[in-house]
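task: produce atomic coordinates for the following.
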Amino acid sequence: MLRYIELNPVRAAGLVTDPGDYHWSDYRSYAGDAAMHWLTEPEEYRRLAASSEACEPAYRALFKQPFAAYDLEAIRAHLNKDCALGSGKFQEPIEVMVGRRAQIVPQGRPKKPRDGAEK
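Predicted structure coming up:
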């Protein structure tokens, strides 16, 4: 998700050609280009490597990998439907916590079974 957010000014809005060029981006701090001491490192960032110094090159390497079309579609679908992206094991506690559905549910009525098929 970090890549998706940081690449929005590049990919979606076309405001800049590099995420580090966008003035309001956290990318510069996490990539080690500009220190922003007031920024808190997200958990996803800290999981990239054992130390902050090792996280910086790992973070930059993330942005050299292209997004798979499937990943972009899944992120957009979940954002548009205001649902949590993740496994059922991840989504279920979120549903309990917020008191509403966090999974995408197919629209419409369930299909009727074909003749001779069991229910």
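
ok, the nearest residue to Ala35 once chain neighbours are set aside - how many residues close by?
Take Ala35 and drop its neighbours on the chain: the residue closest to it by CB to CB, 6 or more residues apart in numbering is Ser29, 6.5 Å away. C-beta here means a position set from N, CA and C on the backbone, and glycine is covered the same way. Neighbourhood size, Ser29 [other CB atoms under 10 Å]: 19.

any idea which helix or strand carries Ser29?
Assigned by DSSP states H and E, Ser29 belongs to helix 27-30.

go on, Phe90?
Judged by DSSP H and E, Phe90 forms part of helix 88-98.

go on, Arg109?
Per DSSP H and E, there is no helix or strand for Arg109.

same question, Tyr4
Tyr4 belongs to helix 2-7, assigned by DSSP H and E.

for that helix, the distance to its chain's centre please.
7 Å (CA atoms, centre = their mean, to the nearest Å).

circling back to that earlier point, what are the contacting residues of the helix holding Phe90?
83-84, 101-103 (CB atoms under 8 Å, 6 or more residues apart in numbering).
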